[in-house]
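Chemist: Can you look at this prediction? I've put the sequence above it.
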Amino acid sequence: MRTFLINLLLFCTVIVSCDVYPQDDYEELYVVESYLIEGRELPGINISTTAPANAFYTFEDVAVEDAVVEIRLMSDENPNEVEQVFPYTITNPGRYSSTISHFVQPLRTYELYITFPNSDEEISAQTIVPETFQIMEGVQDSVVYQGSVQLEITVSESFYPGRQNIFIFNSISLSPTIENLTPFYYGFFEDSDGTPDDLILLANNNSGIINEGNFEINPDGSFTIKYPWIGFSFFGDNLLVANTIDDNVYDYVRSQSVQLGGSSLSPGEIQNVIHNIRGAVGVFGAIASDTVTTYVKRPINP
């Protein structure tokens with residue numbers, strides 16, 4: 001089963017790039033979010049603006065409704081030439097959809113291009129779509145939590161131009177209840193006086209960035225990784241989603257993790273979030289994805 005469940009919603013639309021500026025220096029910027037998924041129809045595109053840090057934020061209040069939007073498939077033979085143009089139309093405030101059916105192709109370059117009536121402002125970005133891959137047979141149908149047999153995931157050989165593959169794994173609980181929380185997350189939930197909304201957030205648990213170098217390479221070129229127990233928030237049925245990511249998503253996630261405290265750097269040394277979009281902040285990225293299901297059993301107490 002092919003799906004896309006990586007949790008990458010933009011987290012800094014209220015202040016510019018999550019940098020802390022004096023409010024007198026605040027400058028409104030465009031915010032763009034869209035992810036091409038290999039083998040799937042062209043995605044929707046969200047376009048909004050930033051808002052001051054002291055403003056009550058809703059997407060509808062900052063949605064952009066006058067953008068002229070298109071995605072371009074670039075030529076393989078000449079990367080500066082456009083092979084096909086896919087125009088977009090607004091469907092809801094700030095949300096745009098393609099008017100032409102097209103399935104995203106692997107290892108092709110796509111360009112986002114946005115203009116505005118009566119303005120010379122432009123927004124543009126490019127991405128290369130990761131190659132198709134599959135989670136191979138052999139993933140256990142069920143596994144005992146923290147048992148002697150650890151869950152292993154093997155993915156087929158894949159390719160991304162100019163570098164090793166970079167993965168993000170997600171475990172998606174199909175039964176996210178308090179009773180099904182695994183011990184680590186149950187303790188976290190209790191200590192933080194968790195709410196039903198927290199359960200929803202815990203139901204989609206991602207691994208963070210994992211480089212191909214962390215995998216065991218098999219003779220056929222496939223990769224095997226032992227999935228960590230901390231990757232499971234809930235007992236019961238879980239979807240396991242493997243995602244390979246492009247450079248834009250990679251740059252955004254690794255710089256975002258530093259902003260959220262995933263570093264020993266002092267505040268003055270923390271780099272800005274990397275957006276790779278000209279004329280805006282946000283993400284225009286590409287992903288290849290595959291999914292399997294496993295059942296996480298409770299350990300048997302002596």
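Modeler: Received the coordinates, thanks.

Chemist: The top strand by length along the chain pairs with which strands?
Modeler: Secondary structure of the chain per DSSP state E: the longest strand is strand 281-297. With DSSP bridges as the test, strand 281-297 is paired with strand 30-37 (parallel), strand 142-144 (parallel), strand 236-245 (antiparallel).

Chemist: Buried residues of the second one, list them for me.
Modeler: Applying a neighbour-count criterion of 16 or more other C-beta atoms under 10 Å, the buried positions in strand 142-144 are Val143, Val144. In short, each C-beta sits where N, CA and C put it, glycine included.

Chemist: Chain neighbours aside, what residue packs nearest to Arg163?
Modeler: Closest residue to Arg163 apart from its sequence neighbours, by C-beta to C-beta, 6 or more residues apart in numbering: Asp247 at 7.9 Å.

Chemist: I'd guessed that neighbour sits against Pro130; true?
Modeler: No. Counting by C-beta atoms under 8 Å, Asp247 does not reach Pro130; the two are 9.9 Å apart.

Chemist: who's more crowded, the two?
Modeler: Pro130 (28 against 20; other C-beta atoms under 10 Å).

Chemist: Which of the three states applies to that one?
Modeler: What DSSP: H, G, I helix; E, B strand; the rest coil gives for Pro130 is coil.

Chemist: got the contact list for it?
Modeler: Counting by C-beta atoms under 8 Å, 6 or more residues apart in numbering, Pro130 touches Glu38, Pro106, Leu107, Ser158, Tyr160, Asn165, Thr244, Ile245, Asp246, Ala286, Ile287, Ala288.

Chemist: And the buried ones among these, selectable in ChimeraX?
Modeler: Restricted to buried positions by 16+ other C-beta under 10 Å, the ChimeraX selection for the contacts of Pro130 reads:
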select :38,106,158,160,165,244,245,246,286,287,288
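
Chemist: as a whole number, average confidence for the longest strand of the chain?
Modeler: Averaging pLDDT along strand 281-297 gives 95.

Chemist: so how far is stretch 49-59 off the chain centroid?
Modeler: 22 Å (C-alpha atoms, centre = their mean, to the nearest Å).

Chemist: again but with stretch 43-63, I slipped
Modeler: In terms of C-alpha atoms, centre = their mean, the centre of stretch 43-63 is found 19 Å from the chain centre.

Chemist: Then stretch 140-160?
Modeler: 21 Å.

Chemist: Can you give me the end-to-end span of it?
Modeler: From its first residue to its last, stretch 140-160 covers 28 Å (C-alpha to C-alpha, to the nearest Å).

Chemist: What are the phi and psi values at the residue nearest to Arg254 when sequence neighbours are not counted?
Modeler: Spatial nearest neighbour of Arg254, excluding adjacent residues (C-beta to C-beta, 6+ apart): Ile209 at 5.9 Å. Dihedral pair for Ile209: phi -80, psi 130, per degrees, to the nearest 10.

Chemist: what about Ile209, neighbour count?
Modeler: 15.

Chemist: my guess is it contacts Asp251, does it?
Modeler: No. Between Ile209 and Asp251 there is no contact under C-beta under 8 Å: 10.5 Å.

Chemist: any weak-confidence spans in this structure?
Modeler: Within the chain, the ranges that satisfy pLDDT under 70 run 1-24, 257-271, 302.

Chemist: Contact partners for the closest residue in space to Gly213 that isn't next to it in sequence?
Modeler: Closest residue in space to Gly213, ignoring its immediate chain neighbours: Gln164 at 6.3 Å, by C-beta to C-beta, 6+ apart. Going by C-beta under 8 Å, 6+ apart, Gln164 touches Asn211, Glu212, Gly213.

Chemist: And the residues you listed, which of them are buried?
Modeler: Neighbour counting by 16+ other C-beta under 10 Å classes Glu212 among the contacts of Gln164 as buried.

Chemist: Among the contacts of Gln164, which ones are in helices?
Modeler: Of the contacts of Gln164, none are assigned to helices by DSSP state H.

Chemist: Let me have the contacts of Gln164 in TSV, extended by distance to Pro196.
Modeler: Shown next, in TSV, are those (distance: C-beta to C-beta, whole Å):
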residue	distance to Pro196
Asn211	35
Glu212	37
Gly213	39
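
Chemist: and which of the contacts of Gln164 is nearest Asp25?
Modeler: Nearest to Asp25 among the contacts of Gln164 is Asn211, at 37.0 Å by C-beta to C-beta.

Chemist: gap between the closest one and Gly187?
Modeler: 30 Å (C-beta to C-beta, to the nearest Å).

Chemist: which residues in the stretch 101-250 of the chain form strands?
Modeler: Using DSSP state E, counting those that start in this stretch, the strands assigned to the stretch 101-250 of the chain run over residues 109-115, 122-128, 142-144, 152-155, 166-173, 204-211, 216-217, 223-226, 236-245.
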